Every structure is written in C-alpha cells, then in structure tokens.
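Colleague: test case, fold it:
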Amino acid sequence: MSKLIPNIMLSQLKALNAKQLKRLKSCEVTADGVYVFTFINPTTEFIRQSADREGELSNSQPGLETIDEILGGTD
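Modeller: Numbering: from 1, shown residues only. Coordinates of the predicted model:
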C-alpha cells in the first residue's frame, strides 16, 4: 500500500454522500485490512481524462465483470 496517500475503510467510504465524496482526497480503500482499490478524485480535467483512459484499459482486461453480471442480472 502507498505511504503517500491515506487509506480508509470501505465502510467509511460507503457512508459518504455525494458532496462529501467530492471533497475527499484520493485514498486507498481497504476492507477487513485488505487493499480493495485506490479512490482517485479527479479535480482537474487532465486527471479526469487520464482516469478515464486507465479505466478503459482496465476494463478491457479479461476476468472483470459488470455490476449486472456480479449481481446476477444479464448484460
């Protein structure tokens, strides 16, 4: 885990409303002490576009599922 950005528990992240999420600094999210993901809050258009590109690249990798697939719906 990174030492440069803070980490928070998934339950803390889930408790935030939209306005609070917009104020939150980027952080690593853990659940039961296990790293889950890095939350990046894109505050500039450049960072947002970079995050979009990384998300597209990540989603193109095999083995990942949509929320509908995870929850048992159909795609």
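Colleague: for this protein, what are the low-confidence residue spans?
Modeller: 1-2, 74-75 (pLDDT under 70).
Colleague: please enumerate the strands of it.
Modeller: 7-9, 27-31, 34-39 (DSSP state E).
Colleague: tell me where the longest helix sits in this structure.
Modeller: Longest helix of the chain, by residue count under DSSP state H: helix 45-59.
Colleague: name the helices or strands packed onto that one?
Modeller: Taking 3 or more Cβ pairs under 8 Å, 6 or more residues apart in numbering; DSSP states H and E as contact, there are no helices or strands that helix 45-59 lies on. (Glycine included, C-beta is placed from N, CA and C.)
Colleague: tell me how far it lies from the chain's centre.
Modeller: Relative to the centre of its chain, helix 45-59 is centred 12 Å away, using Cα atoms, centre = their mean, to the nearest Å.
Colleague: including mean neighbour count and distance to L64, could the strands of the chain go into CSV?
Modeller: Putting those into CSV (neighbours: other Cβ atoms under 10 Å; distance: least, Cβ to Cβ, whole Å) gives the following:
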stretch, mean neighbour count, distance to L64
strand 7-9, 15, 23
strand 27-31, 16, 17
strand 34-39, 12, 12
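Colleague: now those in TSV, with distance to G63?
Modeller: Shown next, in TSV, are those (distance: least, Cβ to Cβ, whole Å):
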stretch	distance to G63
strand 7-9	25
strand 27-31	20
strand 34-39	15
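Colleague: and these: which comes nearest K19?
Modeller: strand 34-39 (15.6 Å; Cβ to Cβ).
Colleague: got the contact list for L10?
Modeller: Contacts for L10 (Cβ atoms under 8 Å, 6 or more residues apart in numbering) come out as 29-31, 36.
Colleague: try 6 Å
Modeller: Listed by Cβ atoms under 6 Å, 6 or more residues apart in numbering, the contact set of L10 reads 29, 31, 36.
Colleague: what is the nearest residue to it once chain neighbours are set aside paired to in the beta sheet?
Modeller: Counting by Cβ to Cβ, 6 or more residues apart in numbering, the nearest residue to L10 once its immediate chain neighbours are dropped is A31, at 4.2 Å. Residues in a beta bridge with A31, per DSSP bridges, are V34.
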